[in-house]
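Engineer: Need coordinates for the following:
(one chain, ligands or ions: 1)
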Amino acid sequence: FDRMKIDRVELYHVAMPLIYPWKTAYGEDEAIHAVLCRLSSGSVDAWGESAPFAAPCYSPEWAGGAFAVSRDWLAPALIGQSLDSGQELQDRLAVYKGNPFAKAAFDTAWWSLQSRITNIPLHRLLGATRDQVVVGADFGVMDSVDDLLASVAEAIEAGFPRVKLKFRPGWDLPMLRRVRETFPDGVFHIDCNSGYTLADQKLFEQVDELGLAMIEQPLQHDDLLDHARLQQEIETPICLDETIVSVHRTRQAIQLGACGWVNVKPGRVGGLTNALAIHDVCRDAGIPCWVGGMLESATGAAACVALAMLDNFTYPADIFPSARFYHEDLSDPPLSLVPDERGHPCAVAYQALPDPVPERLQRLALQQATFA
Ligand code: MG
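Structural biologist: Okay, here's the model as predicted:
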């Protein structure tokens, strides 16, 4: 690649109102808080996005903090620098510990900028050979199990190849048993969002009998050892999500036998550079992966789509069309579902990362900063 000098950085902290609140084991969000980063090199610019949410409940990061660390430390470290690769960007930011969501906005913008400068589609730059990927259906905590059963029926009718259910105390085994009774042949998995501890082993032994594809992040958000212990007691593969924040942590998880699957979110791991490296580490260890999103706008979602086209992402992705959560996406064009190989509208196709619409960006921005 030609050397890419970063001439200008723009940062925005936005709050994007959802159509209805997103309820999980860690809380309820009425708007998705994200950091948008625009990098310019010469006459070309591109955007990246990272959506750690409003509060530090999914992970230790939150959008206000990610914006602050980006403004005070990360942007000053990159402005005026020439960056040959995503790895060089990561290396320049490595002195600042952690903060993967904050770093992801810059890293994703770097890849999109590289794609625009070289005129190579982002998924090809990442090494993907596919042009579309299948996505699954996801359901948060709902008002009643009957409501959930109706929604799952619709999803299965629409052809979604698997269904993910949020799982938290008060919305766990009885809910899951009714789903399994109603849909004995469906492919399901649960996402616990670190809502349980090893003291709940009996609960997971009962879950183990329900033939799930995987159990996502049952235990503490930064845990490895307890997951390895639980995995020894149950057959259902554990999928790590929150725990996987870096390439290093992924290697440790695999060595400890803490998981049979890895959910890769570009935001949570510091961007596409690290997501790609984690994909490769898992592939080499025989651990399959899938891509998850953070309810980003179409800018961040398109980065997830491009990543999900890599070969070792074998389980349907958590990537949602804009219309599922937003009356109006921040960016244009929005992300839409397209027909999969069987003709069901359960896939997403490659699209270059769209720019935010300037008027919407100004309206939704809570803070902004510019470096030149
Ligand atoms: Mg998850």
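
Engineer: And S297, how far from D143?
Structural biologist: Distance, S297 to D143, by Cβ to Cβ, to the nearest Å: 27 Å. Bear in mind the C-beta positions are built from the backbone N, C-alpha and C, glycine included.

Engineer: So between the two, which is more surrounded?
Structural biologist: Under the criterion of other Cβ atoms under 10 Å, the comparison of S297 against D143 puts S297 first, with 30 against 8.

Engineer: give me the number of residues near T370?
Structural biologist: Neighbours of T370 (other Cβ under 10 Å): 12.

Engineer: Actually, D284.
Structural biologist: D284: 10 neighbours (other Cβ under 10 Å).

Engineer: how far out from the middle of the chain is the helix or strand hosting it?
Structural biologist: Per DSSP states H and E, D284 falls inside helix 272-285. Taking Cα atoms, centre = their mean, to the nearest Å, one finds helix 272-285 lying 15 Å from the centre of the chain it belongs to.

Engineer: average pLDDT across that helix?
Structural biologist: For helix 272-285, the per-residue pLDDT values average out at 98.

Engineer: in that helix, what counts as buried?
Structural biologist: For helix 272-285, the neighbour count (16 or more other Cβ atoms under 10 Å) marks L272, T273, N274, A275, L276, A277, I278, H279, V281, C282, R283 as buried.

Engineer: With stretch 197-216 instead?
Structural biologist: For stretch 197-216, burial by neighbour count (16+ other Cβ under 10 Å) applies to L198, D200, L203, F204, V207, L212, A213, M214, I215, E216.

Engineer: Which helix or strand contains the fifth one?
Structural biologist: In this structure, V207 sits in helix 201-207 according to DSSP H and E.

Engineer: And the residue nearest the centre of this protein?
Structural biologist: The centroid of the chain falls nearest to G293 when counting by Cα atoms, centre = their mean (2.8 Å).

Engineer: Need phi/psi at it.
Structural biologist: Note on G293: backbone dihedrals following degrees, to the nearest 10 are phi -120, psi 180.

Engineer: do the same with Y20
Structural biologist: According to degrees, to the nearest 10, the main-chain angles of Y20 amount to phi -150, psi 160.

Engineer: I'd like to know how many residues surround it.
Structural biologist: 8.

Engineer: Can you pull the residues of this protein lying near the ion?
Structural biologist: Proximity of the chain to the ion, by Cβ under 5 Å from the ion, involves residues D191, E216, D241.

Engineer: could you redo the last one with a cut-off of 6 Å?
Structural biologist: D191, N193, E216, Q217, D241, N263, G292 (Cβ under 6 Å from the ion).

Engineer: Among those residues, which lie within strands?
Structural biologist: Among the residues of the chain next to the ion, DSSP state E puts D191, E216, N263 in strands.

Engineer: which ones are touching the first one?
Structural biologist: Contacts were defined as Cβ atoms under 8 Å, 6 or more residues apart in numbering; by that measure D191 touches T24, K164, L165, K166, F167, E216, Q217, D241.

Engineer: any idea how far G65 is from it?
Structural biologist: As for D191, its distance to G65 is 24 Å (criterion: Cβ to Cβ).
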